[in-house]
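1. Sequence first, predicted coordinates after that:
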Amino acid sequence: MIYTYDSRLNISSYPVYHSVYETFYLVKEFIDPGFTASLAIGTLWGEVARDIAESIIIPLDCRDYANQLEDAINGLKDLYEEDMAKQDINFDAIYSALQNFTTAADNFHDDITTMALDNPLEIRRVNDQLMQVERAFIDPLGLPDRKFLRHVVYAPSSKNYYAGSAFPGIIDAMYNIKETDVEQWEVVKQQMAVAAFTIQSAATTMMDISL
């Protein structure tokens, strides 16, 4: 009998997942006796939280964010550029915003390496800007038909809640779209504009506002 995940079963999870047999007793006696794995995971996340809390500068590298954005946008382009071109939709504005974001991230982190870490106002400024970068990707109007999901770049797929989507507003709008679906193509145009706007907004949060 197998209680835990086994790739040989050719299923996505372990056999009792989301069944009436997935109980506290099962975990305690068979899956994680003594809760050693659970304790290790909890300890790890506690250390991550402590490290973030005690860091003078929030450990967020916006250059990594730029790389992730570029990969996501390139993926969208590979999937949809041909169909979008037939509707006179292109990625020019998004790539322009991405270039601005990348340049701003490079300059921002170059400035961090030379800043005075004994200046509390400078530290506060930089940390506030780092927090604003992530907040810039939040759309107060939410995703189409999913108003409680507001992150423009990352959200669960509307077709598979166990998977994530990069730029879910665009992907959802393009799902099973037909060339004659004029109203849906307008949604695509809107989501492309939202993506470009939020990336540019995030880039703006990293501009030099030195005291």
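-> Noted; the coordinates are in hand.
2. Off-centre distance for the lowest-mean-pLDDT helix or strand in the chain?
-> Every helix and strand in the chain was compared by mean pLDDT, DSSP states H and E; the lowest is strand 164-166, with a mean of 82. Centre-to-centre, strand 164-166 and its host chain are 7 Å apart (CA atoms, centre = their mean, to the nearest Å).
3. so how far is the following helix or strand past that strand off the chain centroid?
-> The element immediately downstream of strand 164-166 (helix or strand, assigned by DSSP states H and E) is helix 168-174. Its chain's C-alpha centre and that of helix 168-174 lie 15 Å apart, by CA atoms, centre = their mean.
4. So for helix 168-174, mean pLDDT?
-> On average, the pLDDT along helix 168-174 is 92.
5. And for stretch 200-209?
-> On average, stretch 200-209 scores 92.
6. Quick check: buried residues in it?
-> Within stretch 200-209, the residues scored as buried using 16 or more other CB atoms under 10 Å are 200-203, 205-206. (Glycine included, C-beta is placed from N, CA and C.)
7. cool, stretch 146-165 as well?
-> Buried, per 16+ other CB under 10 Å, within stretch 146-165: 149, 151-153, 155, 158, 165.
8. shaky segments in the chain?
-> 1-5, 11-12, 163, 210-211 (pLDDT under 70).
9. What's the separation between the residue nearest to the spatial centre of it and residue 69?
-> Nearest residue to the geometric centre of the chain (CA atoms, centre = their mean): residue 154, 3.6 Å. Applying CB to CB, to the nearest Å, the value for residue 154 to residue 69 is 10 Å.
10. For the spatially closest residue to the residue nearest to the centre of the chain that is not a sequence neighbour, give me its contacts.
-> With CB to CB, 6 or more residues apart in numbering as the criterion, residue 154 has its nearest non-adjacent residue at 6.1 Å, and that residue is residue 164. Neighbour list for residue 164: 154-157 [criterion: CB atoms under 8 Å, 6 or more residues apart in numbering].
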